[in-house]
Structures are given as structure tokens and as C-alpha cells.
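Participant: the sequence and its predicted three-dimensional model are supplied below.
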2 protein chains.
Amino acid sequence: MSNLITEIKAYLLHLQNQITQFLEKEEGVSRFKEDPWAHANGGGGLSRVLENGTHIEKAGVNFSHVLGGTLPTAATTKRPELKDSAFEALGVSTVIHPRNPFAPTTHANVRFISVQKNDGTTSWWFGGGFDLTPYYGFHEDCIYWHETAKKACDPFGQDVYSRYKKWCDEYFFLKHRNEPRGIGGLFFDDLHEWGMERSFQFMQSIGEHFIKAYQPILAKRKSHPFSEKERQFQCYRRGRYVEFNLLYDRGTLFGIQSGGRTESILMSLPPIVNWRYDYQPPENTEEARLYREFLVSRDWVPA
Amino acid sequence: MSNLITEIKAYLLHLQNQITQFLEKEEGVSRFKEDPWAHANGGGGLSRVLENGTHIEKAGVNFSHVLGGTLPTAATTKRPELKDSAFEALGVSTVIHPRNPFAPTTHANVRFISVQKNDGTTSWWFGGGFDLTPYYGFHEDCIYWHETAKKACDPFGQDVYSRYKKWCDEYFFLKHRNEPRGIGGLFFDDLHEWGMERSFQFMQSIGEHFIKAYQPILAKRKSHPFSEKERQFQCYRRGRYVEFNLLYDRGTLFGIQSGGRTESILMSLPPIVNWRYDYQPPENTEEARLYREFLVSRDWVPA
């Protein structure tokens, strides 16, 4: 297992470099700051954060390699047999909040978890995915995003895209709002049935296609003209992002509960957020169109 | 029980009026808007919200009377025998976010819950309290706040203030930040051992002393001169309020899980919030003093 973990770790650090490099290129002016940190129980991480850039208002690209004596409850509600097991978790997590309201927020994550069960055997799985949260919708962007997600999956089986697309729709859903977080993408977890090599290849495909999917959308939308009205709507909608991450997100709750590094976990939160009581977008506006055409479960590409 | 619930309901609506009246007086310009709503399972509420005022940036004073077929898990983790019981919950919940960073945010809540157990018996309890979250600390305000909290408790027993003050410190604590939410106040729950009449009187004392405690502090601080620097720090610190309410607050999670009215539950969230990565206030500033002198567990008045 230790050779494999070395290999996964090398890939994750490479992916972190790739993501920060394309983002710095799109940003143009500001640069990532790097923060290495150690975890109390062993392991640690390397956080990279870019704040207050010209095009990137806030982006975090976080590598972490955490060891723990007992798996936190957020990870064991569906696997009670793993309660109190020692674990090792490696991952890269990215959240990008562009400044321009026409450029969507995005999130990507890939992770590997290995658990030493009390009976001495080892259990492991991969998880991850990527999803897109627009404030103003563009059909062509959504189709391109999902086409690229499909390309990441197709070499691994005919139904992989549709299964992981559906899982993403189910996962990134705000029950208390009866509203999806965005237009979805891919989500997978507990992946072990393909065996180690193929699962690891899939993780790499997710990383590669995330960059292919997001970079052209950011490039196309980052300089779109906008006014205070669009900015206000973006800050309002960012509230949903906060609500999802703090109420539902497994990665956030896992990190908080396992005594992870708070600043690295919560670097996903947007830089400026507004809450307004009972706001409804006026009919026949672009804001209303977001809810009607984009924040709905739909198939953006033929399965 | 139904006569009693009628009486409690009348008191709660009266308290809601008292709170909105003193707030409109301090605000001066803007007025509360009222929103009656019905709950899917029966009952409903009366939300009052004031937004974007001169002195009150956002305030919510919410009365609710909710009936449910099964108690949500947020209410039964410590009382497993009540799982799946029918319940009735009445309360008034208030959150006030002043515009001026020198005026503290405050929260107050009183509630009554009655549960029909599966064996046919009824269980009931009162809960509530109030707490203060300053952005800039004033010793005299903290002492006055806690003196008034003590006066609310003293007629009910010598150790009541110190017990409920301690409970407040424990409850309003952000574990992932190792930081209290503010300077505390009072928190109580599961109150039934005093019997119905005395417990209800205590609820009324909490309501009355909340207004006595907060009104003079708001009046004194609402026009304090401030600059963009203090405003930024206020918006940053408000992030902690969001984190607490969405990660820990029992009332918020109870409401969300029981299918409550989302806009009324989340009206506690501040209007404008900032998150900055790994912000630390510079040494020897007023911002650093908040952490050092105020965001610590301490006794503001002799017990």
C-alpha cells in the first residue's frame, strides 16, 4: 500500500501544480500563496490560495494527506463497520470564485481513502468529481461542460457518465431550498470495484478533464461586461454555496469533524456573500432564467 | 395543555410586538415587514423582517408555532426515547445585525416544546436565552449585559445565572475555531423541573430582560463613528456567525430538518459577509483586542 500511496501523492501534487498554473495564466496579475501545514495526528497539507485577483476573486487549491486514529462520523454513517478505524486520506480540492458574475464558480475534488479495519484488513476507495455553479446561464457552456465530463468517463464504461452525472445531481442539492447547487457535473465515491489501477486512472482522467472543461469557460466569460445588478445577484447566489458547504458537504464536515485545518477546509467559502430575506428574481429577467432553465435537473448531452 | 398553549402563544406574540417596537424606535426610519406563513404539517408563523435600515442593517423577529409528526433528529440525539413522537413547538426567535460595527449583533430565543410520546404521555420543556456578539469590545457593555442577564435569573434561584451563563458559553462555541461566538449571556434547554407555571414565568423574564439588556447598548453604539476598516472587520467576523448557525445551531438545524420555512430560519444570516483566508488581526489593534479580551470565557459579573 505504501508504494501506491507514494504514487497517488505524486500525482496529486502534479495535479495541484497544473490547476494553479492554468489559473494563474487566466488570472494574469495575482499569484497563489502557498501554505504548508501539519496535521495534529500526522500528515498535513499544502494549501494554495489566490485572493482578490483581477479575474479570480478567490481560489483555493488544496492538497492534503491526513492520518487519523478514528474515521469521523461524516465518513461512516453509510459504513458503520468502519467506525473507529484508523484511516489515511489523500486528496486535492479546488474551489474557484471568479470576480465576473458571468463566469461560473467551480469545484473539483479527487481523493483516496485507505482504512485499517479492526480485524487487520485494509479497505480503500477513490472519490471525487467536479461541478459548475453559474450565476448567469449559457447553454453552450453547460453543454461543453458536460461533454467534457462525459469524455472523462467514456473510456471507463458506457454508463459511467450517466451514473456519476446523476449522483452529482443528487449530491449537490439543497434540500431546504429544493434547488440544485448548480448545473452539476460528476460525483463518485466508494470506488473500489474497478480495482486499484483502473480506479487510479479514473482519478487522473477526472483531474485532466476538469481543467479541459473549466479553462475555456473561464477564458470566455472572465471579461464579460457587468454592472452592480449582476454583481449583487452573484453575491446573493453565493449564499447558496455557503449553505451547501456548511449544511451538507461531506468533505467539509469530514474535515471539520476530523480536526482538519479549518482555514484550508473553509477556503471554499466565497469572499463576499449577501443574504436577503425571501428574495425572488423578477419575472422575465436573466436572474429568473437561471432558476428556470439552469437550476433544474436536465440532461445537457445525450447519454 | 391546550389552554396553556393558548396562553404561551399570546405571550409570545406580545413579546414579538415588544421587540419589533423597540427596534423600530431605535432604527428611526425603516419599518418591519410582516410575513404570515403556514407550515405543511400544521401551524405556521409570523415572520417580521427589517432590512437595509439606517441603524438596523437586518433584523428578524420570528414567531412560529409548528406541529410535526416526528421530532427531527436535531432534537432527539440526547433524548432517544422521543424519536418519532408527534410534537408541537412554539417560539420567538430574534437576530439583530446593526449596521454600525461598534454596535453588537444579538440573538434571543424563547421556546416551548410539547411532545406526545408513543405511550400516550406528554413531555414538555422550555428553552431559550440571549447572547451578544460584539465586533469591537466595550467592557462596560459586557458588564451591563451580564448584570441584566443575572437579574433575569436571580428570582428563580441563586445558581441559575451561573449555570445558564456557563451553558451559554458552552453552547455558543465554534469548536473548529476554538473560539466563542461572542461574549455569551444565557442559554437553557429541557427546562421542566420547575413545573409549568414557574418555567413559563422564567420564559417571560428572559423576554423582558433581553430588551432591557440590548436596547441601551444599541442606543449608545449605533451612531459611533466608523470607517471602512471597521466595516470590513465586522463583515469578516459575521462569517463566524454564519459558520455557527449552519454547522452547530440546534434551532437552525431543527428548523431545516423539520421542513420549516427556510426563509424564516435563515433570516438570522447577516446581510453582507466576507471570508478571507487565514486572516489574523495585527497585534496591538482593537481587532486583536476583541480576540484577547472579549472572545474568551470570563466572568463579567460576580456570580
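Facilitator: Nice, thanks for sending it over.

Participant: from here on, just use CA atoms for contacts and neighbour counts.
Facilitator: Fine.

Participant: isn't there a strand covering residue A:128?
Facilitator: Yes - Residue A:128 forms part of a strand when assessed by DSSP: H, G, I helix; E, B strand; the rest coil.

Participant: would you mind measuring from it to residue A:262?
Facilitator: For residue A:128, the distance to residue A:262 equals 20 Å [C-alpha to C-alpha, to the nearest Å].

Participant: the more surrounded of the two?
Facilitator: Ranked by neighbour count (other C-alpha atoms under 10 Å in any protein chain shown), residue A:128 and residue A:262 place residue A:128 first, with 24 against 15.

Participant: ok, now which ones touch the more buried one?
Facilitator: A:108-111, A:186-189, A:203, A:206 (C-alpha atoms under 8 Å, 6 or more residues apart in numbering or on different chains).

Participant: repeat that with 6 Å
Facilitator: By C-alpha atoms under 6 Å, 6 or more residues apart in numbering or on different chains, the contact list for residue A:128 reads A:109-111, A:187-188.

Participant: list just the nearest of those residues to residue A:212.
Facilitator: residue A:109 (14.8 Å; C-alpha to C-alpha).

Participant: confidence score at the spatially closest residue to residue A:275 that is not a sequence neighbour?
Facilitator: Spatial nearest neighbour of residue A:275, chain neighbours left out: residue B:271 (4.7 Å); criterion: C-alpha to C-alpha, 6 or more residues apart in numbering or on different chains. For residue B:271, the pLDDT comes out at 98.

Participant: can you check residue A:279 too?
Facilitator: 97.

Participant: just read off the phi/psi values of it.
Facilitator: When read as degrees, to the nearest 10, the backbone of residue A:279 gives phi -70, psi 140.

Participant: how about residue A:273?
Facilitator: phi -140, psi 140.

Participant: the strands in chain A, which residues?
Facilitator: A:33-38, A:43-51, A:56-68, A:86-98, A:105-116, A:122-133, A:173-174, A:179-180, A:184-191, A:272-274 (DSSP state E).

Participant: what's the first one packed up against?
Facilitator: When you say that, I think you mean strand A:33-38. strand A:43-51 (3 or more C-alpha pairs under 6 Å, 6 or more residues apart in numbering or on different chains; DSSP states H and E).

Participant: can the strand it packs on be found next to chain B?
Facilitator: No - using C-alpha under 6 Å from any C-alpha of the partner chain, we find that strand A:43-51 stays clear of chain B, coming within 7.5 Å at best.

Participant: can you give me how far that strand is from the chain middle?
Facilitator: For strand A:43-51, the separation from the chain centroid amounts to 15 Å (computed by C-alpha atoms, centre = their mean, to the nearest Å).

Participant: what comes into contact with it?
Facilitator: The contact list for strand A:43-51, computed with C-alpha under 6 Å, 6+ apart, reads A:32-38, A:57-67.

Participant: now do the nearest residue to residue A:64 once chain neighbours are set aside, the pLDDT please.
Facilitator: If the residues on either side of it in the chain are set aside, residue A:64 comes closest to residue A:45, at 4.0 Å by C-alpha to C-alpha, 6+ apart. At residue A:45, the model reports a pLDDT of 93.

Participant: who's residue A:45 bridged to?
Facilitator: Listed by DSSP bridges, the beta-bridge partners for residue A:45 are residue A:37, residue A:64.

Participant: and it, how far is that from residue A:130?
Facilitator: Residue A:45 sits 21 Å away from residue A:130, going by C-alpha to C-alpha.

Participant: for residue A:159, same thing?
Facilitator: 18 Å.

Participant: thinking again about what came up before, closest one to residue B:199 among the strands of chain A?
Facilitator: Closest among the strands of chain A, using C-alpha to C-alpha: strand A:173-174, at 37.3 Å.

Participant: lowest mean pLDDT among the helices and strands of chain A, which one is it?
Facilitator: Between all helices and strands in chain A, the lowest mean by mean pLDDT, DSSP states H and E belongs to helix A:73-76, at a mean of 66.
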